[in-house]
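Undergrad: below is the sequence, then the predicted model.
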Amino acid sequence: MMNLLSVLLVDQSLGVLIAMAVGAIILLYFLFYFIPVGLWFSAVLSGVRVSLLQLVLMRWRKVPPGIIVKAMINSTKADLPITRDQLETHFLAGGNIINVVNALISADKANIDLDFNSATAIDLAGRDVFEAVQMSVNPKVIDTPPVTAVAKDGIQLIAKARVTVRANIKQLVGGAGEDTVLARVGEGVVSSIGSAASHKAVLENPDSISKVVLARGLDSGTAFEILSIDIADVDIGKNIGAVLQIDQANADKNIAQAKAEERRAMAVAFEQEMKAKAQEARAKVIEAEAEVPLAMAEAFRSGNLGIMDYYKMKNIQADTDMRESISKPGKNTANRGSSESDDNKQ
């Protein structure tokens, strides 16, 4: 019984010790989390003056003290006058303080005029201020897409240009980007080629394009400074002038064909109209001829026409037919043949 009791007491004391150890570890974790003694010691060794209380208050202000202390150490080593309040304010505004400090250090080493307020404004504007400083030191080359233009002689040229730009720190806030620079360069290339009298002149002196485009000051209002514009390649495209002339000729031909078809249709319609009128006149003649026997019969009945008069008229008609047959022998033969065939059929 005594042994069992001693074992229970030992187990209970061991559990208490384990709980106390865990509690001490948790307490130390929260203590060192809210009171970053190690971070404060690193700052002191680096010559950064920041109190332990300020580091604790940063935790409560939702500001990571590690980032602030690292930025202060970098700026202090580079002899840049940046305060803790400035860094905290920029961080709470949504900025990248490490990027800003690195940009200020690079600008200071490269003798570029850039202060903290300008750097934070550029960073908050959405631009990479550190990359902009690097581009100011090491200019960037931008390749334009193929630009198609037509010279005055109608020959199409396809040009590719390389634009060397350097970041303009003063225009990074509110200045236009790369797309605007490429659009302006493309417009200048098209205008320069279009004003050339011949495509051969452009092929002989491609540098004339870059000189004309560079002289226009295309970088005004942009975040870049154009250093040079080099024509990398010029290719010959289609003969646009000949293509346009062919298209115009085809259009004229189609118009002429349409007008000719219209005139032909009008002529066919007029011919059909004349045939209809001829048929109408022939019908009227036949109708009139059909009334002659009736008139003759009526004349016989009324006594206005005698039998001798009728025979005289028949003789005159026979003489007339004979004269017509003599004056037109071919037609007479054809009529005679048709008459004989009609008689044979009868």
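TA: Cool, the structure landed.

Undergrad: separation between the nearest residue to residue 42 once chain neighbours are set aside and residue 287?
TA: Excluding its sequence neighbours, the residue lying closest to residue 42 (C-beta to C-beta, 6 or more residues apart in numbering) is residue 69, at 7.0 Å. All C-beta spots, glycine's among them, are computed from the backbone N, C-alpha and C. Using C-beta to C-beta, to the nearest Å, residue 69 is found at 125 Å from residue 287.

Undergrad: ok, those two, which is more surrounded?
TA: residue 69 (22 against 9; other C-beta atoms under 10 Å).

Undergrad: thinking that one is in contact with residue 48, fair?
TA: Yes - applying C-beta atoms under 8 Å as the test, residue 69 and residue 48 come out as touching, 6.7 Å apart.

Undergrad: on that earlier part again, which SSE is the residue nearest to residue 42 in?
TA: Using DSSP states H and E, residue 69 maps to helix 65-77.

Undergrad: contacts for that helix next, please.
TA: 36, 39, 42-43, 46-48, 50, 55, 58-59, 81-82, 84, 87-88, 91, 97-98, 101-102, 104-105 (C-beta atoms under 8 Å, 6 or more residues apart in numbering).

Undergrad: with only the CA atoms kept, save that helix in CSV.
TA: Extracted as CSV, the C-alpha positions of helix 65-77 are listed here (Å, rounded to 0.1, in the frame of the first residue of the first chain):
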residue,chain,number,x,y,z
PRO,A,65,9.6,44.8,-36.2
GLY,A,66,11.9,42.5,-38.0
ILE,A,67,11.3,44.3,-41.3
ILE,A,68,11.5,47.7,-39.7
VAL,A,69,14.8,46.9,-37.9
LYS,A,70,16.3,45.4,-41.0
ALA,A,71,15.4,48.5,-43.1
MET,A,72,16.8,50.8,-40.3
ILE,A,73,20.1,48.7,-40.2
ASN,A,74,20.5,49.0,-44.0
SER,A,75,19.8,52.7,-44.1
THR,A,76,22.1,53.4,-41.1
LYS,A,77,25.0,51.5,-42.7
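
Undergrad: returning to what we had before: quick one, which of the contacts of helix 65-77 are buried?
TA: Those of the contacts of helix 65-77 that meet the buried threshold are 36, 39, 43, 48, 50, 55, 58, 82, 84, 87-88, 91, 97-98, 101-102, 104-105, by 16 or more other C-beta atoms under 10 Å.

Undergrad: quick one, strands of the stretch 201-346 of the chain?
TA: Taking DSSP state E, counting those that start in this stretch as the criterion, the stretch 201-346 of the chain carries its strands at 224-239.

Undergrad: now it, which segments are flagged as low pLDDT?
TA: Applying pLDDT under 70 to the stretch 201-346 of the chain flags residues 305, 307, 328-346.

Undergrad: residues touching residue 48, list them.
TA: Contacts of residue 48 (C-beta under 8 Å, 6+ apart): 69, 72, 73, 76.

Undergrad: let me have those in JSON lines, extended by pLDDT and distance to residue 213.
TA: Output for the contacts of residue 48, formatted as JSON lines (pLDDT from 0 to 100; distance: C-beta to C-beta, whole Å):
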{"residue": "69", "pLDDT": "83", "distance to residue 213": "50"}
{"residue": "72", "pLDDT": "83", "distance to residue 213": "47"}
{"residue": "73", "pLDDT": "83", "distance to residue 213": "47"}
{"residue": "76", "pLDDT": "84", "distance to residue 213": "47"}
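
Undergrad: and the buried ones among these, selectable in ChimeraX?
TA: Of the contacts of residue 48, the buried ones go into a single ChimeraX selection, burial set by 16+ other C-beta under 10 Å:
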select :69,72,73,76
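
Undergrad: between the contacts of residue 48, which sits nearest residue 312?
TA: Checking the contacts of residue 48 against residue 312 with C-beta to C-beta, the nearest one is residue 72 at 147.0 Å.
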